[in-house]
Each structure stands twice: as structure tokens, then as C-alpha cells.
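Student: Fold the following.
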Amino acid sequence: MNKSALRIILALCIGVGAAGAWSVQVRHWPPHPFFALAAAAERHVLYFRDPGGAPSWSATPKKDAQGRDYLPVYNDEEPSFEPPAPKPKTADGSRKILYYRNPMGLPDTSPVPKRDPMGMNYVPVYEGDEPDDSSVKLSPGKIQRTGVKSEPAQLYAIRTLVKAPGTIQLDERRLSVIAMRAESFVQRVANVTTGTRVNEGQMLMEIYSPAVAAAAAEYLATINSSVTSGHAAYGRGSRQRLMNLDVPEPAIAAMEKSGTAPVTVRWSAPRNGIVLERNAVDGMRAQPGDVLFRIADLSVVWALVDVAERDLGAIAVGQSVMVRARSFPGREFNGQISVIYPQVNRDTRTTRLRIELPNADFALLPDMYVDAEIAVGSRAPVLAVAENSVLDTGSRQAVFVDKGDGRFEPRIVKLGRRGDGYIEVREGIREGEVIVTSANFLIDSESNLKAALKSYAEAGNPQTAVPSGASDMKDMSGHKDMGSHQ
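Tutor: From the prediction side, this is the model:
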């Protein structure tokens, strides 16, 4: 071998060794800052969470009540809400694909494989992976975003208030009318006017009546005869004649004491009360039947209230009622139902109640507006759920039972009484079952979407079997107005 060949071989060995050493050194070099920046650029902040772990989030940096900064949550730290892995294949290795769903959980499906706008493949949904058609399944993220809340069905003593407007009226049994029963003349009227409060026995006017004067003279003559003859029974007929002419008892007693027949008779008030009407005038002539005074006792008054027809079944005579007068804010008047009038107003569909109210200080006046509140319901506890739990279509009512793991089952229920924010449930659920109380509209819309997707999958893939429960689900939740009541 000549010297030239040796030189070439030696040069090649030195080059290979140097290259190997250089490659070893390169592998131990620290990463260049450019690569670190590129890796950091791939992460971005989704939102900021409370540093203490409280359920509070923010789209921008902020501080909590203690002045601590909210912690950033990056895209690679967000928990995954993907459904569990598909079930193992059957023995023959074949599994039917029902449809393909959106990988982000959006309400979008496809009968054939496709990609979303971000390039992610739609996820196949196999036969057997779908929940039973009697339930609805939501992802944890959707449940958290929409604020789905639940509470167990429990026993409550439902008490409610029936409210009704009304007016104050006079007690018909506490009215008195002063009218003459014979032709009379008003000699003088006392200082009594409309609205004056009078007491029983207080003088109202002086009357001259020929019939009363003749009866008084006959009565006194009969009394004197009975004293002379010793027959005490004399004079009873004459006294009765004075009473028939409605002469007040104090005036008859005064005649008996004085023994003389007066020219005029003092007419007094028959009861304590308020003068509602005064028609007597000095010197006037009063014919039989003419009303000269009208007096009412206001110590007890009536509240006549109109109750809706639907509430009559819960109301009975003797129930306690609390009445508020619009003229006295904050003050309460307590009474009892004395009469339920046996008639329903065909125009307003209401029935009138009579409530007796004590009125010792005469605060309640006739025709005053009042508002009555009647507590109805049983003190015995019944199975009840929150009012917001019920989806009412008009023809049927339903609730959603929280089965856990994001599964919600619709139940048709039969309802009873309502009150205090709760509704009695007579059939459909059991005590302790967890019922959805908020965001029912979301679950209802998911039910409608699910039924529609089943029909769409069946139309796009005739070989795909649609479970028999889909039609029942659609019938229960396919009402457009079901979620609108929430």
C-alpha cells in the first residue's frame, strides 16, 4: 500500500471520530431559548379561577376579597369531559354505529364520519353506548355552565293564603230606624246631626202626637182607677197601646212617675251608635212611616269579600281571616267567616264571603276597601317539590329525576295543593328522589333534540334500530311550551 492510500484512510477515520464526538456534545447542549418560547406559545389561558378553590371564575385577571390573584387555567389543564371509552366489541367483533356526534358536545350529529371546523373528527356512537331513551344525559361541563340544580323530594306541610278584595259594610242586625207610627209634629230636635255618635237613651227630639197624647191620658186614668179599686191588672191594655205607638220606654216611665200626661214626648236613641241619617226638622209634620233618624252600631262590622271559584273547596265557615285596611297600612284586623253566600257570580266567577270583624275603636267605616287573607291547607305533611321543578304543558305535568352521572329521567306526575313555593306530588315520584329545580328548560330541550336525532338517524340509516322508548320520550318532552313555564 502506498503512502497516498494510507493518508486517505487516516483522514476518513479522523473525520468520523470528530463527527461522533460533535454529535455527542450536541446532545448534551442546553435547549436554545427559542425552543422554550415556541413551547410556551402553544399554551394559552382559558380563564382565571379562585385561588382558594371557591366556585368562582373570571375571564380576566382579578383579585379575591383577600387580595390574592386569581390563578390562570391553561388549555392543557382544562379537565376533559369526553365520554367513557366505547364498550368492548362483541364476540364477532361487529358493533353498529348509530351516528356520529360533535366532539365538543354541541347538539350536532352526522350519519356519516365528518370533521368539525377545527378539524376534529366526530365521535362515533355505538349501539349500546346510548343511554336508555327514558333518560337524558348531559356532560358535566354543560351542567355547570347552565346552572342545573337539584334537591330531594321531601315531606312539607303546605299552607297557602287565599287573598281576596272586599269592602266594609254595616251589620244588618245593628241598625235602628226611628219612624213615627201615627201622625206627629216635631216640636224640637236635639243637637244631633249626621255622623254624631249617640248613646242609648240619649234624647233625639220632642214629638207632639194627638194619638200618643190620647193614649197617655187613657193610660194614666186607668192607673188611677186601679189604685182606687185595688186592681193592679188595670192599665195593661192602655200601656200596650203606648208601646204599639213606639213610645220610648223612658217616656212611659216618666209618665208613670209624674202621673200627668205630657203635651210632648221625648224620643230617645234606641242603641249606641252613629247617626247615619237625620230627616227630622223643627216644626215638621211627620206622617206614619216617615223615617226621621237612622242609627247604626259600628262596634262590629262585616267585610264582604269575593273569593275565586277555584278556592271555595278550601274555605269553610268559622275559619279565621286576617283583614288589612288600605287606610291603615301595617294594621291587621282579625275575624271569622260567618256566611258563604250560596251563589257564584257568573261574570267574575267569584263567591262572596261575610267576615265579622270587631271594631271597638270604629276605625273601619262602611264602604272602606280591605284585603282579606285566608290561611288554607292541612298541617299534615305531604310529599312536595319546588314549584320550579314542574314542567306544565296544560294537559300533563312532568319533573326530571336526577339519576346521577349527568343522567336525568323524566317522570309524569299528578299534582295536588300549591303553597309556600312548593307543589304536592300525589303520584310519580317517591320521597328522597332528587328532582331538578332549575334549568329544566335545558334538559327539556335536550329531550326534544334527542327525539329528533333518533328520527334523523333512522331516516339516514334505515338499518339502525330506534328503541321503542323514543316515541314515548318525544310525546312527553316534545311540547314547545313545556320549557316556557320556567
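
Student: For the protein, name the helix or strand with the lowest mean pLDDT.
Tutor: Lowest on mean pLDDT, DSSP states H and E among the helices and strands of the chain sits helix 469-477, with a mean of 41.

Student: what stretches of the stretch 151-300 of the chain score poorly on pLDDT?
Tutor: Residue ranges of the stretch 151-300 of the chain with pLDDT under 70: 226-235.

Student: the strands in it, which residues?
Tutor: Along the stretch 151-300 of the chain, counting by DSSP state E, counting those that start in this stretch, strands occupy 154-156, 160-170, 175-179, 184-189, 197-198, 203-208, 265-268, 273-278, 285-286, 291-296, 300-308.

Student: and the second one, how far from the chain's centre?
Tutor: For strand 160-170, the distance between its averaged C-alpha position and the chain's averaged C-alpha position is 18 Å (Cα atoms, centre = their mean, to the nearest Å).

Student: And the fourth one, by the same measure?
Tutor: In terms of Cα atoms, centre = their mean, the centre of strand 184-189 is found 61 Å from the chain centre.

Student: Report the strands that pair with it, each with its relative direction.
Tutor: Here strand 184-189 is paired, per DSSP bridges, with strand 203-208 (antiparallel), strand 285-286 (antiparallel).

Student: To R173, which of those lies closest?
Tutor: Comparison of those against R173 by Cβ to Cβ identifies strand 203-208 as nearest, at 21.1 Å. Bear in mind the C-beta positions are built from the backbone N, C-alpha and C, glycine included.

Student: can I get the strands of the stretch 151-300 of the chain in a markdown table with mean neighbour count and distance to G318?
Tutor: What follows is the strands of the stretch 151-300 of the chain, written out as a markdown table (neighbours: other Cβ atoms under 10 Å; distance: least, Cβ to Cβ, whole Å):
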| stretch | mean neighbour count | distance to G318 |
| --- | --- | --- |
| strand 154-156 | 14 | 25 |
| strand 160-170 | 18 | 15 |
| strand 175-179 | 16 | 25 |
| strand 184-189 | 19 | 44 |
| strand 197-198 | 16 | 32 |
| strand 203-208 | 20 | 38 |
| strand 265-268 | 22 | 38 |
| strand 273-278 | 18 | 27 |
| strand 285-286 | 16 | 44 |
| strand 291-296 | 20 | 26 |
| strand 300-308 | 21 | 15 |
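
Student: Distance to R324 for the ones you listed - can I get that in TSV?
Tutor: Output for the strands of the stretch 151-300 of the chain, formatted as TSV (distance: least, Cβ to Cβ, whole Å):
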stretch	distance to R324
strand 154-156	27
strand 160-170	10
strand 175-179	26
strand 184-189	40
strand 197-198	25
strand 203-208	36
strand 265-268	38
strand 273-278	23
strand 285-286	43
strand 291-296	23
strand 300-308	10
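
Student: Look up the pLDDT of the spatially most central residue of the chain for me, please.
Tutor: Nearest residue to the geometric centre of the chain (Cα atoms, centre = their mean): G421, 5.6 Å. We have a pLDDT of 81 for G421.

Student: Against I315, how distant is it?
Tutor: Per Cβ to Cβ, to the nearest Å, G421 is found 22 Å from I315.

Student: Could you do P51 as well?
Tutor: P51 is 58 Å from I315, by Cβ to Cβ.

Student: Could I get the full set of helices for the stretch 201-350 of the chain?
Tutor: 210-229, 236-244, 249-258 (DSSP state H, counting those that start in this stretch).

Student: Out of those, which gets nearest to E433?
Tutor: The nearest among these, by Cβ to Cβ, is helix 249-258 at 74.7 Å.

Student: Just the angle for that closest one relative to strand 203-208, thanks.
Tutor: Per axes from the mean of the first three to the mean of the last three Cα atoms, to 10 degrees, the angle that helix 249-258 makes with strand 203-208 is 60 degrees.

Student: Secondary structure element holding the closest residue to V434 other than its chain neighbours?
Tutor: Spatially, and ignoring its direct neighbours in sequence, V434 is nearest to D402 (4.1 Å; Cβ to Cβ, 6 or more residues apart in numbering). According to DSSP states H and E, D402 maps onto strand 397-404.

Student: Tell me the buried residues in that strand?
Tutor: Residues of strand 397-404 classed as buried by neighbour count (16 or more other Cβ atoms under 10 Å): 397-403.

Student: Please apply the same query to stretch 236-246.
Tutor: 238-239, 241-242, 245.

Student: Quick check: bridge partners of the closest residue to D367 other than its chain neighbours?
Tutor: Of all residues not flanking D367 in the chain, T167 sits nearest, at 5.6 Å (Cβ to Cβ, 6+ apart). Applying DSSP bridges to T167 gives these bridge partners: L304, Y369.

Student: re earlier: so which of the strands paired with strand 184-189 is nearest D311?
Tutor: From the strands paired with strand 184-189, taking Cβ to Cβ, the stretch that ends up closest is strand 203-208, at 45.5 Å.

Student: That closest one vs strand 273-278, what angle?
Tutor: 50 degrees.

Student: Now that A316 has come up, it's in contact with S338, right?
Tutor: No. In this structure, A316 is not within contact of S338 by Cβ atoms under 8 Å, at 11.5 Å.

Student: Turn the helices of the stretch 201-350 of the chain into a markdown table, columns for distance to N102.
Tutor: Shown next, in a markdown table, are the helices of the stretch 201-350 of the chain (distance: least, Cβ to Cβ, whole Å):
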| stretch | distance to N102 |
| --- | --- |
| helix 210-229 | 103 |
| helix 236-244 | 99 |
| helix 249-258 | 97 |
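
Student: Nearest to S176, out of those helices?
Tutor: Among these, the nearest to S176 by Cβ to Cβ is helix 249-258 (14.0 Å).

Student: which of the residues in stretch 109-125 are buried?
Tutor: Within stretch 109-125, judged by 16+ other Cβ under 10 Å, the buried ones are 109-111, 122-123, 125.

Student: Show me the two of the residues you listed that sit farthest apart.
Tutor: Every pair of the buried residues of stretch 109-125 checked by Cβ to Cβ; the farthest is P111 and V123, at 13.7 Å.

Student: tell me, what's touching these two both at once?
Tutor: Shared contacts of P111 and V123, defined by Cβ atoms under 8 Å, 6 or more residues apart in numbering, are found at Y100.

Student: how close does T351 get to V323?
Tutor: 17 Å.

Student: just to revisit the earlier point, okay but the residue nearest to V434 is in contact with T437, surely?
Tutor: No. In this structure, D402 is not within contact of T437 by Cβ under 8 Å, at 9.7 Å.

Student: my guess is L364 meets I168, correct?
Tutor: Yes. Using Cβ under 8 Å, L364 is in contact with I168, at 4.9 Å.

Student: who touches both of those two?
Tutor: 301, 303, 325, 357, 370.

Student: Export these as JSON lines, with columns for pLDDT and distance to T264.
Tutor: JSON lines is the format used below for the shared contacts of L364 and I168 (pLDDT from 0 to 100; distance: Cβ to Cβ, whole Å):
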{"residue": "V301", "pLDDT": "96", "distance to T264": "36"}
{"residue": "A303", "pLDDT": "96", "distance to T264": "42"}
{"residue": "A325", "pLDDT": "94", "distance to T264": "44"}
{"residue": "L357", "pLDDT": "95", "distance to T264": "41"}
{"residue": "V370", "pLDDT": "95", "distance to T264": "44"}
